[in-house]
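Trainee: below is the structure, and that's it, no one-letter string:
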DNA sequence: CTCTTGTTTCGATGACCGTCGATATTCGAC
DNA sequence: GTCGAATATCGACGGTCATCGAAACAAGAG
């Protein structure tokens, strides 16, 4: 079941931003919470450096392998990453650039708004 | 302990981003953690809508006054907001645009302020 | 089928976080 | 100085989160 890439096209932190309804507040804070851990930022940063990345490559971040899988699940449910492909028992993850850019847009920086608007459909589920 | 003055001018989530040292990972995740709560996003959003804002105006967010003060302290220590001025017992807070912009830049957003202001003008059209 | 490897899930534990009431502090008014 | 209002801090409680070891699951090799 895919429930990712549903990002409201709203700013929250830019000057002159309109007040947000509670639904958007929770949606935004939930996505920021997915980045509120150094291990998860490291995972996202590693994925941002290359096209895709095997889980086994992420196991030298100082935490155990189940912990890495736990963080991958959180990032996956936040819509920031997704499974690129599976080759045998190897699982390759990749970044979801639209989700990251939507967060940047909410913070007031919109490099290319068309990408954000292209993926903004509704609110997130859980 | 104040250590928030070091805002690294690096991206972490944009395609092709270089690997970050542990210090930057913790710095970034700490700032994202400051936005990982709907009440704090609401505060930042309220401050983004106007130039400055009195604490008493933030007390209709559904939480008690000590809770608002607690969240203000977290946002202040994260460098996202600052005290604009004090008039009597009233305290006015304001956003720190550079800090928010630095976060947007870390996510791969626009590094230039004029673009940020440009998005607030009305290009949110959908 | 059995074995091995890679990944996810489960259960438990310790730490952290959001929230509140009570209290302290600061400032202006009188 | 004394009083009252606005804000900040303290202490405690309940809930959530990060982490781990153990176990379950999946997929290929022999």
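Mentor: Yes, it's here. This is a predicted model, so every value here is computed, not measured. Numbers count the residues shown, from 1 in each chain, chains lettered A, B, ... in the order given.

Trainee: switch to C-alpha atoms for all contacts and neighbour counts from now on
Mentor: OK.

Trainee: check whether residue A:65 really touches residue A:71, as I assumed.
Mentor: No. If you go by C-alpha atoms under 8 Å, residue A:65 and residue A:71 don't touch, sitting 10.0 Å apart.

Trainee: the more surrounded of these two?
Mentor: residue A:71 (17 against 14; other C-alpha atoms under 10 Å in any protein chain shown).

Trainee: just checking, the more buried one touches residue A:40?
Mentor: Yes. Counting by C-alpha under 8 Å, residue A:71 does reach residue A:40; the two are 6.1 Å apart.

Trainee: next up, the contacts around residue A:61.
Mentor: Contacts for residue A:61 (C-alpha atoms under 8 Å, 6 or more residues apart in numbering or on different chains) come out as A:39, A:42.

Trainee: host element of it?
Mentor: Under the assignment given by DSSP states H and E, residue A:61 is not contained in any helix or strand.

Trainee: around DNA strand C, pick out the residues from chain A.
Mentor: By C-alpha under 7 Å from any atom of the strand, the residues of chain A that approach DNA strand C are A:54-56, A:65-67, A:69-70, A:72-73, A:89-92.

Trainee: most surrounded residue in those?
Mentor: residue A:72 (24 neighbours).

Trainee: do the host helix or strand of it and chain B meet?
Mentor: Per DSSP H and E, residue A:72 falls inside helix A:65-77. No. Shown here: helix A:65-77 not in contact with chain B (C-alpha under 8 Å from any C-alpha of the partner chain), separated by at least 12.6 Å.

Trainee: for that helix, which outside residues touch it?
Mentor: A:3-4, A:34, A:39-40, A:55, A:58-59, A:81-82.

Trainee: quick one, helices of chain A?
Mentor: Here chain A has its helices, by DSSP state H, at A:22-34, A:38-49, A:65-77, A:97-106, A:113-119.

Trainee: residue ranges in chain A under the pLDDT threshold?
Mentor: A:1-9, A:109-126 (pLDDT under 70).

Trainee: residues in contact with the spatially most central residue of it?
Mentor: For chain A, residue A:80 is the residue whose C-alpha lies nearest the centre (C-alpha atoms, centre = their mean; 1.8 Å). By C-alpha under 8 Å, 6+ apart, residue A:80 lies in contact with A:4, A:95-97, A:99-100.

Trainee: can you pull the contacts of the closest residue to residue A:49 other than its chain neighbours?
Mentor: Nearest non-adjacent residue to residue A:49, counting by C-alpha to C-alpha, 6 or more residues apart in numbering or on different chains: residue B:16, 4.2 Å away. The contact partners of residue B:16, by C-alpha under 8 Å, 6+ apart, come to A:48-50.

Trainee: for residue B:16, give me the backbone phi and psi.
Mentor: Here is the backbone geometry of residue B:16 (degrees, to the nearest 10): phi 80, psi 10.

Trainee: counting neighbours, which of the contacts of residue A:80 comes out on top?
Mentor: Neighbour max across the contacts of residue A:80 (other C-alpha under 10 Å) = residue A:95, 29 neighbours.

Trainee: run through the bridge partners of it.
Mentor: Beta-bridge pairing for residue A:95 (DSSP bridges): residue A:81.

Trainee: since that was my last question, I'll sign off now.
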